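Trainee: need a structure here:
(2 chains)
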Amino acid sequence: MSLPILSVNELAMSFGTLEVFRNVSFSVDRGETLGLFGKSGSGKTTIGKCIVGLERPTGGEIRVQGANILDMGKKEFRKLRPKIQIIFQHPETSLDPRMKAFENLIEPLKLHSGLKQDALLKRGEELAELTGLRPEHLARYPIQLSGGEIQRIVLARIMALSPDFIVADEPTSMLDVSVQAQILRLMQKLQRETGVSYLLISHDLEVLRKVCHRIAYLDNGTITSIENIKRDVKR
Amino acid sequence: MSLLEIKDLSVEFSSGENAVKAVSHVFFKVREGETLGIIGESGSGKSVIGLALLRLLPANANVSGTVFFQGQDLFSLRPSELRKIRGKRISLMPQNPAGALNPVLKNRLQIEEVFEERGIDKKEGMKKSLRLMKKLLLRDPEKLCDLYPHQLSGGMRQRLIACMSLSFEPELVIADEPTKGLDPEAKERAVELFTKIKHDYGKTMLLITHDLDLALEVCDRIAVMYAGEIVELDKASKVLNAPSHPYTKGLVRAQPRNGLVPLSGQSPSRISLPEGCFFHERCRYSSIECFRKHPEMKNHNGGWIRCHFQSFQ
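Mentor: Coordinates of the predicted model:
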C-alpha cells in the first residue's frame, strides 16, 4: 500500500493558555478530497496553516509522504513547500494589488521553475486556459476582478507549481452560488487531470457532502468522526 | 399604495471613453410591509440599485429614471431634503459590516454618533438603542458597547449595524448582502433577525442578497437580476421552487443540494452588451430569436419574465 500524501498525527495547538485543538489525526490519499468541517473558531484554519508551515503546532506530527515536516530544517522544508499549497478564504487579499493578474499568475513560475521568459509566458497562458481565464482578465489589476476570477488566478498560480496537496480554506464562502459551483467543479477537474489531493475546509456541510470523498468533523477541539461519502478515489 | 416605486432606473459609470452599464431599465414596486428580495450573481447590479435609491453613488455614476418614495420623487429632492430621509425614513444596512464600522472607535461611540448627527440627546438615544439591541438578539449589550468592532463576531457586527439602522424606525430598510461570509449558525440567526424585523416591527424591506435560502425564508417577492436588468419577478416561493427564467433555473441548480451544476460561461462585458438577450450565450434553451431581439418583460402566470423561450410566448 502506498503512503498517504499527508498524514496528521495527534496534532495539538495552544495559544498561551488557550487550547485550540488536541489529538487531531487524519490522513489524505493521493487524488482524494478530505473535507474538514467545524464551526467558526473551532481551529479549522489553524490546522490548515500548520500543514503549510504558516503556524507551528505545539504537539504532534505532520507527515508529507512519510516525512515529518516539523522535523525538517528550513532549507529542506522550502524544497517541499511548492508541493503543498493553500487557497485562502478572502480572494481580495490573496493577490498582490500592485501587480496585474498575469504578473501575479506567473510570479511562482519566476521563483521556482527556472523557465526562460518565452517559455514562462507560454506556460502562464496554458495555466490561464486550464483555469478558464480569458485574456481580458489577465490584463487587469486584482481590484478590477470579481471574487470568482481572483480564485481562478489563485488556482492557476498554485497549479503552476504542480502541487501534490492543496489546503483550500473556505475557498468559496465569499462567492455567490453560481460562481461557487464553477470554482468547486474546476477544483474537481484539476484533481481528475493531475491527481492533486485537497483538504477542503468549510462550514458548509452541503458543499462538503457534494465534493468530498470523506469528511472529518472537528468539534470541541478534536476530530470526533470521519465519514465516508464516496467510496473510490479516482486518480 | 406602494411605499417605493422605481421606474426605468438605469445607471452607467463612465470610465475613460467607455460607459459601464451597471443597471438597465429597472422597474419595480415595493408595497408597505412587504419584503422584496433582489438576487443575482456578483456584479449583476443589485447593490447599485440600493445605493442609487439613496443617491449614494460616486460622481461618475450617470443615473436616470425616477424613484418615488411615498409619492415623493427622491431624485428631484435637494440635498438638504434628502438628508432628512436618509437614515431616518430609509436606512441602509451596508454590505460588509466590518467595513461599515470605524475600527478605532468603541461601539458605544459609533451608536451615539448616529443620534448626535440628528441632534437627538445621546443618552436618550443610547437607552433606546440598548432596548433595541436586546430585542435583536444581542446578549449583554452594555458590555458590547465597550468593545471595539474587531472584538465582535461577524454575526454580532451585523446585528449591531441592524440596530443602528433601525434607530429612527425607518419606513424602508435596505439590507445589502447581510449574510455574506457568515457561518451557517450566524446565517440562521440572520434569518431570525430579518424575520423579526419584518414581523415585530412591520418594516418594509429591500433585501439584496445572493443567499437563496435567506431570500426564500424572508422575502415575499423576489426580483432576479442578470447583467443589470430584472429577468424574473414573482412570489418568492415561485421564483425559487419553480423558476421560469433559464437563468434563475441555473442559479437554483448551482446550489449544492440541487446538484452544484455551474452555469456555463461568464456574465457578459457591461461595456459592450451582446445583441439580443443578454443571457443567450449561456442559455441552454436559446434560439435564433434570442440572438436577434432583446426580450421585453412579459406577464407570465401572475409574475414577470424577460425571455423569448417558446413556452412563454
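Trainee: what does chain A put close to chain B?
Mentor: A:39-40, A:134, A:136, A:146-148, A:173-182, A:184-185, A:203-207, A:209-211 (CB under 8 Å from any CB of the partner chain). Every residue, glycine included, has its C-beta placed from N, CA and C.
Trainee: now residue B:98, nearest residue through space, not along the chain?
Mentor: Excluding the flanking residues, the one nearest residue B:98 by CB to CB, 6 or more residues apart in numbering or on different chains is residue B:157, at 6.0 Å.
Trainee: Okay, and the beta partners of the residue nearest to the spatial centre of chain A?
Mentor: Taking CA atoms, centre = their mean, the centroid of chain A lies closest to residue A:167, which sits 2.5 Å from it. For residue A:167, the residues forming beta bridges with it (DSSP bridges) are residue A:86, residue A:199.
Trainee: Make sure it is actually in contact with residue A:50.
Mentor: No - Residue A:167 lies out of contact with residue A:50 (CB atoms under 8 Å); the separation is 9.5 Å.
Trainee: Could you list the contact residues of the stretch 101-250 of chain B toward chain A?
Mentor: B:153, B:154, B:180, B:181, B:183, B:184, B:185, B:186, B:210, B:212, B:250.
Trainee: Report pLDDT for the first one.
Mentor: Right, the one you point to is residue B:153. Per-residue pLDDT puts residue B:153 at 81.
Trainee: The third one now?
Mentor: Reported pLDDT at residue B:180 in the predicted model: 81.
Trainee: check which helix or strand covers it.
Mentor: Using DSSP states H and E, residue B:180 maps to neither a helix nor a strand.
Trainee: pretty sure it is touching residue B:96, no?
Mentor: Yes - using CB under 8 Å, residue B:180 is in contact with residue B:96, at 7.1 Å.
Trainee: The two: which is more packed in?
Mentor: Per other CB atoms under 10 Å in any protein chain shown, whichever of residue B:180 and residue B:96 has more neighbours is residue B:180, with 20 against 15.
Trainee: wait, what's in contact with the more buried one?
Mentor: Counting by CB atoms under 8 Å, 6 or more residues apart in numbering or on different chains, residue B:180 makes contact with A:174, B:95, B:96, B:210, B:211.
Trainee: since we're on the last one, how many residues are nearby?
Mentor: The reference is to residue B:211. Neighbours around residue B:211, by other CB under 10 Å: 22.
Trainee: what's the answer for residue A:122, then?
Mentor: With other CB under 10 Å as criterion, residue A:122 counts 12.
Trainee: Tell me which stretches of the stretch 51-200 of chain B form strands.
Mentor: B:61-69, B:72-73, B:90-93, B:172-176 (DSSP state E, counting those that start in this stretch).
Trainee: got CSV for the ones you listed, with distance to residue B:281, mean neighbour count and mean pLDDT too?
Mentor: Listed next are the strands of the stretch 51-200 of chain B as CSV, based on distance: least, CB to CB, whole Å; neighbours: other CB atoms under 10 Å in any protein chain shown; pLDDT from 0 to 100:
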stretch, distance to residue B:281, mean neighbour count, mean pLDDT
strand B:61-69, 26, 17, 96
strand B:72-73, 37, 12, 94
strand B:90-93, 34, 24, 93
strand B:172-176, 28, 24, 94
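Trainee: Now render the ones you listed as JSON lines, adding distance to residue B:35.
Mentor: Formatted as JSON lines, the strands of the stretch 51-200 of chain B follow (distance: least, CB to CB, whole Å):
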{"stretch": "strand B:61-69", "distance to residue B:35": "16"}
{"stretch": "strand B:72-73", "distance to residue B:35": "22"}
{"stretch": "strand B:90-93", "distance to residue B:35": "13"}
{"stretch": "strand B:172-176", "distance to residue B:35": "9"}
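Trainee: Residue A:125: which of the ones you listed is closest?
Mentor: The closest of the strands of the stretch 51-200 of chain B to residue A:125 is strand B:61-69. By CB to CB, the value is 35.6 Å.
Trainee: can you tell me the helix or strand for the residue in the stretch 1-150 of chain B positioned nearest to chain A?
Mentor: Residue of the stretch 1-150 of chain B nearest chain A, by CB to the nearest CB: residue B:41 (4.9 Å). Under DSSP H and E, no helix or strand contains residue B:41.
Trainee: Can you pull the phi/psi pair for it?
Mentor: Backbone torsions of residue B:41, given as degrees, to the nearest 10, read phi -80, psi 170.
Trainee: Mind listing residues that contact the longest helix anywhere in chain A?
Mentor: If you go by DSSP state H, chain A has its longest helix at helix A:177-194. By CB under 8 Å, 6+ apart, the surrounding residues in contact with helix A:177-194 are A:31, A:33, A:130-132, A:146-148, A:151-152, A:155, A:159, A:162, A:168, A:171-172, A:175, A:196-198, A:207, A:210-211, A:234, B:41-42, B:210, B:212, B:250-251, B:254-256, B:260-263.
Trainee: ok, now with 7 Å
Mentor: With contacts defined as CB atoms under 7 Å, 6 or more residues apart in numbering or on different chains, helix A:177-194 is touched by A:31, A:33, A:131-132, A:147-148, A:151, A:155, A:159, A:168, A:171-172, A:175, A:196, A:198, A:207, A:211, A:234, B:41-42, B:210, B:212, B:250-251, B:254-255, B:260-263.
Trainee: any idea which helix or strand of chain B has the worst average confidence?
Mentor: Within chain B, no helix or strand scores below helix B:97-100, which has a mean of 82 by mean pLDDT, DSSP states H and E.
Trainee: Flag the shaky bits of the chain, pLDDT-wise.
Mentor: No chain specified, so I'll use chain A. A:1, A:231-235 (pLDDT under 70).
Trainee: meant chain B actually
Mentor: Applying pLDDT under 70 to chain B flags the ranges B:137, B:310-313.
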